[in-house]
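Colleague: Sequence below, structure please.
(chains A and B, ligands or ions: 1)
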Amino acid sequence: MKRIYLDYSATTPVKKEILEEMLPYFTEKFGNPSSIHKFGRDAKAKVNEAREKVAKLIGANVNEIYFTAGGTESDNWALKATAYDMRNRNKKNHIITSKIEHHAILHTCEVLEKDGFEVTYLDVDKYGSINLEDLKNSIKENTFMISIMFVNNEIGTIQPVKEIGKIAKENGILFHTDAVQAVGNVHIDVNDLNIDMLSMSSHKIYGPKGVGALFVRKGTRITPFIHGGAQEKQRRAGTENVPSIIGFGKAAEIALENLDMHIDKLTYLREKLKDGIMNNVSHVIYNGHPEKRHPGNVNLCFQFIEGEAMLLSLDIVGVAASSGSACTSGSLDPSHVLMALGLGHEYTNGSLRLTVGDFTTEEDIDYVLEKMPVIIDRLRQMSPLYEQIEGGNN
Amino acid sequence: MYNDKVMDHFMNPRNVGVIENPSGVGEVGNVSCGDIMKIYLLIDDNDVIVDIKFKTFGCGSAIASSSIATVMIKGKTVSEALKLTNKDVLDELGGLPAVKIHCSVLAEQALKAAVLDYANKTGKHYPELDGFEPDDGHDDHGLVQIEF
Ligand SMILES: Cc1ncc(COP(=O)(O)O)c(C=O)c1O
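Modeller: Residues are numbered from 1 along each chain as shown, chains lettered A, B, ... in the order given. Alright, predicted model coming up:
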């Protein structure tokens, strides 16, 4: 059966040319970058080449990129290392973030709160955007960091990052952004945007999993989080994941080369998918900002039916998607992002996220648009909630 | 994630629908819990459940367990049917993933609610229902979410 992958925000396949770039560094070019000999020197040179490519993608300097084991580590590092350092040296202990951050940020903030830090979680409007006045009003004497994600992973909303950067700078506060979903999907220039720290991840941009980076602006202090050897300028210990870093570098290079084309293509497919569903299915809402959003993200809530049942039905016809419903999350609560938008359970239960990517074709979208109304209707015909709406026409 | 039997009952649920002029109707669960099941019963003079229909709002396990429960209930007397437990439904399905077990409690509860409706209408008394209060039958299975 044909399999159509519409879950590019969860992860992406590794592109062939990226894998090929990585392969020699498992076998014949296996050296440890810290070694003096030729094997080591070759690996080190290639890691630094990757660092340059990653830096270029976000308009940073090569010396400002530290490789990590992924977006989650980058987020943890940026927040925790800065928090303890700021408290120790400046007696500052307040972080401002938002209610719709990824758990890599939210759970880290909860841990910091348990250890005496103060955290403000900003509300978002119905589109998922923070309010800049709220942000300004929540700044206090002891605020040391604003951490607001660039692009939301569920609803795709792009935050007003430039304005946030400006506010942070004016107030002498560090600005960290989780840009895991933004990198390779929107134009980023850390200098223009006044970003001090930025988290990224390779597996969302067609690179391998388990590798990422933290951008730390030159002159911004960052203490180590993983202790050990002197790798990554003594900031992040541990022998480098050389093949993966090289893959990440190649992925960044390709992402930059193709950025405009990638955005145009995804935006076209996204609109086609969204319009096709919205025009053919009733009782459905489109979440996130209508324009300021991830080019490949469609997030919908279908009334009267449940997200997991939709995912299973789609999987049976070969379509891979994801949902923020309570029953798919493995916990009793629906997605915190959908709840922060102010949506009731009658909507959040029926959540569906479809994310298109570089290998999605127009035929894929046509296929999904053909199957979707049938799937929705079948589940609604089984739903006691729909029965009430339709006045029991069975 | 789900076995073939569960998937079969999810994709081809038996006894979906409504019964006009039912002997009893029961609905349990609520939207905030993420699942609702409604059962319609047709009961003859010998107290045999001659027809049963359901509608369920919920995930794959909720729909599959609703379906299989109706198959198990149909043709039984009310008293026999009331012996049906959540575990019987699970066994008949060949098991569900641990996090989904709570989704299979609906049928037992919905049946009881429907029989209670029938009992209230007819003035009959079923000792099996003593102490039964229709509710959502949920408990927290608080696991950590994984987000992409
Ligand atoms: C916004 C956001 N932040 C952080 C992460 C975590 O990144 P990683 O999977 O590389 O740890 C993800 C991906 O799941 C994400 O979407």
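Colleague: Now for residue A:77: which residues touch it?
Modeller: Residues near residue A:77 by CB atoms under 8 Å, 6 or more residues apart in numbering or on different chains: A:68, A:214, A:222, A:225-226, A:236. Every C-beta, even on glycine, is put in place using the N, C-alpha and C of the backbone.
Colleague: please redo it, this time with the cut-off set to 7 Å
Modeller: Shown in contact with residue A:77 (CB atoms under 7 Å, 6 or more residues apart in numbering or on different chains): A:68, A:214, A:225.
Colleague: The second one: helix or strand, and which one exactly?
Modeller: When secondary structure is defined by DSSP states H and E, residue A:214 falls within strand A:212-216.
Colleague: So which bits of the following helix or strand past that strand are buried?
Modeller: Downstream of strand A:212-216, the first helix or strand assigned by DSSP H and E is helix A:231-234. Using 16 or more other CB atoms under 10 Å in any protein chain shown as the test for burial, helix A:231-234 gives A:231-232.
Colleague: Helices of chain B, start to end?
Modeller: B:4-11, B:60-73, B:78-81, B:86-93, B:106-122 (DSSP state H).
Colleague: and these, which is most packed in?
Modeller: Ranked by mean neighbour count, those are led by helix B:60-73 with a mean of 26 (mean count of other CB atoms under 10 Å in any protein chain shown).
Colleague: Let me see the contact set for the residue nearest in space to the middle of chain B.
Modeller: Chain B has residue B:107 as the residue nearest its centroid, 1.3 Å off, counting by CA atoms, centre = their mean. Residues in contact with residue B:107, defined by CB under 7 Å, 6+ apart, are B:37, B:65-66, B:69, B:89.
Colleague: Residue A:36 in helix, strand or coil?
Modeller: coil (DSSP: H, G, I helix; E, B strand; the rest coil).
Colleague: and the host helix or strand of residue A:95 with chain B, contact?
Modeller: In this structure, residue A:95 sits in strand A:94-98 according to DSSP H and E. No - remark: strand A:94-98 sits outside contact range of chain B, by CB under 7 Å from any CB of the partner chain, the gap being at least 14.7 Å.
Colleague: Could you do stretch A:130-150 as well?
Modeller: No - residues of stretch A:130-150 contacting chain B under CB under 7 Å from any CB: none, with a closest distance of 12.1 Å.
Colleague: List the buried residues for that stretch?
Modeller: A:130, A:135, A:139, A:143-150.
Colleague: Please apply the same query to stretch A:47-61.
Modeller: Of the residues in stretch A:47-61, A:47, A:49-58, A:60 count as buried by neighbour count, 16+ other CB under 10 Å.
Colleague: Output those residues as CSV; include the columns secondary structure.
Modeller: Below are those laid out as CSV (three-state DSSP):
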residue, secondary structure
A:47, helix
A:49, helix
A:50, helix
A:51, helix
A:52, helix
A:53, helix
A:54, helix
A:55, helix
A:56, helix
A:57, helix
A:58, coil
A:60, coil
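Colleague: Tell me the one of these nearest residue A:266?
Modeller: Of all those, residue A:266 sits closest to residue A:57, with 16.8 Å by CB to CB.
Colleague: hang on, that closest one packs against residue A:257?
Modeller: No - using CB atoms under 7 Å, residue A:57 is not in contact with residue A:257, being 10.0 Å away.
Colleague: residue contacts, residue A:243?
Modeller: Contacts of residue A:243 by CB under 7 Å, 6+ apart are A:22, A:25-26.
Colleague: just the buried members of these?
Modeller: Buried among these by 16+ other CB under 10 Å: A:22, A:25.
Colleague: In helices only, show me the contacts of residue A:243.
Modeller: residue A:22.
Colleague: Out of the contacts of residue A:243, the closest to the ligand would be?
Modeller: Using CB to the nearest ligand atom, residue A:22 comes nearest to the ligand of the contacts of residue A:243, at 16.9 Å.
Colleague: State the distance from the closest one to residue A:8.
Modeller: Separation of residue A:22 from residue A:8 (CB to CB, to the nearest Å): 20 Å.
Colleague: do the same with residue B:105
Modeller: Per CB to CB, residue B:105 is found 36 Å from residue A:8.
Colleague: Who has more neighbours out of the two?
Modeller: It is residue A:8, of residue B:105 and residue A:8, that has more neighbours when counted by other CB atoms under 10 Å in any protein chain shown, with 26 against 23.
Colleague: out of the contacts of residue A:77, which one sits closest to the ligand?
Modeller: residue A:68 (8.7 Å).
Colleague: So that closest one is in contact with residue A:213, correct?
Modeller: Yes - the pair residue A:68 / residue A:213 is scored as a contact, 6.0 Å apart, by CB under 7 Å.
Colleague: if we can go back for a sec, is the strand holding residue A:214 anywhere near the ligand?
Modeller: Yes - Strand A:212-216 lies within reach of the ligand by CB under 6 Å from any ligand atom, at residue A:212.
Colleague: got it, and stretch A:349-362?
Modeller: No - using CB under 6 Å from any ligand atom, stretch A:349-362 never reaches the ligand; the gap is at least 10.6 Å.
Colleague: for the record, mean pLDDT for that stretch?
Modeller: Model confidence over stretch A:349-362, given as mean pLDDT, is 97.
Colleague: For that stretch, output the C-alpha coordinates as CSV.
Modeller: Provided in CSV are the C-alpha atoms of stretch A:349-362 (Å, rounded to 0.1, in the frame of the first residue of the first chain):
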residue,chain,number,x,y,z
ASN,A,349,-10.6,15.9,21.6
GLY,A,350,-10.9,16.0,17.8
SER,A,351,-7.5,17.5,17.1
LEU,A,352,-5.5,16.5,14.0
ARG,A,353,-2.1,17.8,12.9
LEU,A,354,-1.0,17.2,9.3
THR,A,355,2.5,18.5,8.4
VAL,A,356,3.8,18.4,4.8
GLY,A,357,7.4,18.3,3.8
ASP,A,358,9.9,18.1,1.0
PHE,A,359,8.7,14.7,-0.3
THR,A,360,5.0,15.5,-0.2
THR,A,361,3.4,15.6,-3.6
GLU,A,362,0.3,17.1,-4.9
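Colleague: For that stretch, give me every contacting residue.
Modeller: Contacts of stretch A:349-362 (CB under 7 Å, 6+ apart): A:6-9, A:12-13, A:154, A:206, A:262, A:266, A:269-270, A:273, A:296-303, A:305-307, A:310, A:321-326, A:334-335, A:338, B:31, B:34.
Colleague: starting at the chain centroid, how far to it?
Modeller: Taking CA atoms, centre = their mean, to the nearest Å, the mean C-alpha location of stretch A:349-362 is offset from the chain mean by 15 Å.
Colleague: Same question for stretch A:90-109.
Modeller: Distance of stretch A:90-109 from its chain centroid, counting by CA atoms, centre = their mean, is 16 Å.
Colleague: give me the element the closest residue to residue A:225 other than its chain neighbours is part of.
Modeller: Computed as CB to CB, 6 or more residues apart in numbering or on different chains, the closest residue to residue A:225 that is not its neighbour in sequence is residue A:77, at 4.1 Å. Using DSSP H and E, residue A:77 sits within helix A:71-90.
Colleague: So what pairs up with the residue nearest to residue A:183 when sequence neighbours are not counted in the strands?
Modeller: Distance criterion CB to CB, 6+ apart; nearest residue to residue A:183, sequence neighbours excluded, is residue A:200 at 4.5 Å. Residue A:200 has the following beta-bridge partners by DSSP bridges: residue A:213.
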